[in-house]
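**Student:** Compute the structure for the input listed below.
(one chain, ligands or ions: 1)
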Amino acid sequence: EIYTKRPKNHQWKLSDFEIGTPLGRGKFGRVYLAREKNTEYMVALKMMFKSELVKDHMEHQVRREIEIQTHLSHPNILKMLTYFWDEKKIYLILEFAQEGELFKVLNSQPRKRFDEPTAAYYLRQVADALRYCHSQSVIHRDIKPENLLLFSHHVIKLADFGWSVHAPSKCRNTMCGTIDYLPPEMVDSQTYNEYVDNWCLGVLCYEFLCGSPPFESSEQAETFRKIRAVMYGFKPHMSEGARTLISKLLVKVPKSRLPLTDVIEHPWIKTNSEIFTKTKLH
Ligand SMILES: CC(C)NC(=O)[C@H]1CCC[C@H]1Nc1nc(Nc2ccc(C(=O)N(C)C3CCN(C)CC3)cc2)ncc1C(F)(F)F
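**Tutor:** Modelled structure (predicted):
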């Protein structure tokens, strides 16, 4: 999109873009709405201070995020259009998600949760993105509403590959953000494989339907205890289909978790995605 009207080997620079309103702050950078001057294409411009990255030893993570996101191409994965740097900063040009951050959309729902057709329609897209990641030997490792962006026509895209690794991998003891999504094998910091993402999908489905994750507790130690014991309860409003799907993903033995292809084909997903398409996507 932004490459039309530019020579093939065009060296992108900040002055190729008009910078607009701030969209918010990411983990280690500020994000602005921006417009590419020749095509008037709207993009998200993420800028990071090199000094901050070096101070927080994050440069390898940003390098991996760039490496992975420039090589993955899927309708439900946020695209990095280009990147460049100057003496002080690194700039990432990313797709602009018109509807914003999914965790904010979830929180703005009247009952802080999605109905089952919406949850199924969103979950299927995340499962499809993960299936593609795994086919490229990439484990995301950090699936949660904060890392999902909502585009027009209810398109969901997976973002923030700063924590993703190539399968299989040794667990890093540094954790950032919520612990609610950690699978048992990562709580016990054993080696793990791509099945960690299947577990996170179960946690995500639960949070979409209930507004909070299944193992949430006031104490971190209590959360870890519940995760290790796979101890959680369903809420009364959850349908049988939703409960079955979640119970097949929140399984302690990684290889016994429902494969992503079976998630996508699951009756609860198919039925509710179709209801969503018919009722909300006309
Ligand atoms: C996945 C990753 C972990 N998350 C992020 O990077 C975050 C960090 C900051 C923003 C977001 N990054 C992105 N955000 C968008 N779109 C967007 C965001 C926020 C709003 C919004 O609600 N307002 C402007 C509201 C409008 C109403 N006012 C009152 C408050 C701000 C609307 C659209 N597109 C692409 C990106 C990306 F990812 F490419 F950079």
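**Student:** And the helices in the stretch 1-150 of the chain, which stretches?
**Tutor:** For the stretch 1-150 of the chain, the helices defined by DSSP state H, counting those that start in this stretch occupy 50-55, 59-71, 102-107, 116-135.
**Student:** ranking those by burial, who's on top?
**Tutor:** Comparing the helices of the stretch 1-150 of the chain by mean neighbour count (mean count of other Cβ atoms under 10 Å), helix 116-135 comes out on top with a mean of 22. No exception for glycine: its C-beta is placed from N, CA and C like everyone else's.
**Student:** circling back to that earlier point, distance to the ligand and mean pLDDT added to the helices of the stretch 1-150 of the chain, as a markdown table?
**Tutor:** As requested, those are exported to a markdown table (distance: least, Cβ to the nearest ligand atom, whole Å; pLDDT from 0 to 100):
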| stretch | distance to the ligand | mean pLDDT |
| --- | --- | --- |
| helix 50-55 | 15 | 87 |
| helix 59-71 | 10 | 87 |
| helix 102-107 | 6 | 97 |
| helix 116-135 | 13 | 97 |
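**Student:** Could you dump these into CSV with distance to Glu95 added?
**Tutor:** Output for those, formatted as CSV (distance: least, Cβ to Cβ, whole Å):
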stretch, distance to Glu95
helix 50-55, 22
helix 59-71, 10
helix 102-107, 15
helix 116-135, 13
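**Student:** mind checking which helix or strand of this protein has the lowest mean pLDDT?
**Tutor:** strand 165-166 (a mean of 64; mean pLDDT, DSSP states H and E).
**Student:** Packing partners of the helix or strand just after it?
**Tutor:** Sequence-wise, the next helix or strand downstream of strand 165-166 (DSSP states H and E) is helix 184-187. For helix 184-187, the elements it packs on are helix 195-210, helix 220-228, judged by 3 or more Cβ pairs under 8 Å, 6 or more residues apart in numbering; DSSP states H and E.
**Student:** Nearest to Arg243, out of those?
**Tutor:** helix 195-210 (9.5 Å; Cβ to Cβ).
**Student:** backbone phi and psi for Glu87, please?
**Tutor:** Torsion angles at Glu87 (phi, psi; degrees, to the nearest 10) stand at phi -70, psi -30.
**Student:** Who are the contact partners of it?
**Tutor:** If a contact means Cβ atoms under 8 Å, 6 or more residues apart in numbering, then Glu87 has no contacts.
**Student:** Model confidence for it, exactly?
**Tutor:** With respect to pLDDT, Glu87 scores 94.
**Student:** just Ser169 next, same as before
**Tutor:** Reported pLDDT for Ser169: 59.
**Student:** The chain against the ligand: which residues are in contact?
**Tutor:** By the criterion of Cβ under 6 Å from any ligand atom, the positions of the chain lying close to the ligand are 23-26, 31, 44, 46, 78, 94, 96-97, 100-101, 104, 146-147, 149, 159-160.
**Student:** residues contacting Ala44?
**Tutor:** Here Ala44 is in contact with 23, 31-34, 93-97 (Cβ under 8 Å, 6+ apart).
**Student:** Nearest to Lys112, out of the helices and strands packed on helix 184-187?
**Tutor:** That would be helix 195-210 among the helices and strands packed on helix 184-187, by Cβ to Cβ, at 8.7 Å.
**Student:** name the helices or strands packed onto that closest one?
**Tutor:** helix 116-135, helix 184-187, helix 240-249, helix 260-265.
**Student:** how about a cut-off of 6 Å?
**Tutor:** helix 116-135, helix 240-249 (3 or more Cβ pairs under 6 Å, 6 or more residues apart in numbering; DSSP states H and E).
**Student:** Can you give me the neighbour number for the closest residue to Asp188 other than its chain neighbours?
**Tutor:** Spatial nearest neighbour of Asp188, chain neighbours left out: Arg228 (7.3 Å); criterion: Cβ to Cβ, 6 or more residues apart in numbering. Residues lying near Arg228 (other Cβ atoms under 10 Å) number 16.
**Student:** before we move on, what about Pro259?
**Tutor:** When neighbours are defined as other Cβ under 10 Å, Pro259 has 15 of them.
**Student:** re earlier: would you list the helices and strands packed on helix 184-187 in a markdown table and tack on distance to Arg257?
**Tutor:** Converted to a markdown table, those look like this (distance: least, Cβ to Cβ, whole Å):
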| stretch | distance to Arg257 |
| --- | --- |
| helix 195-210 | 4 |
| helix 220-228 | 14 |
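**Student:** deepest of those, which one?
**Tutor:** The most buried one of the helices and strands packed on helix 184-187 (mean count of other Cβ under 10 Å) is helix 195-210, showing a mean of 25.
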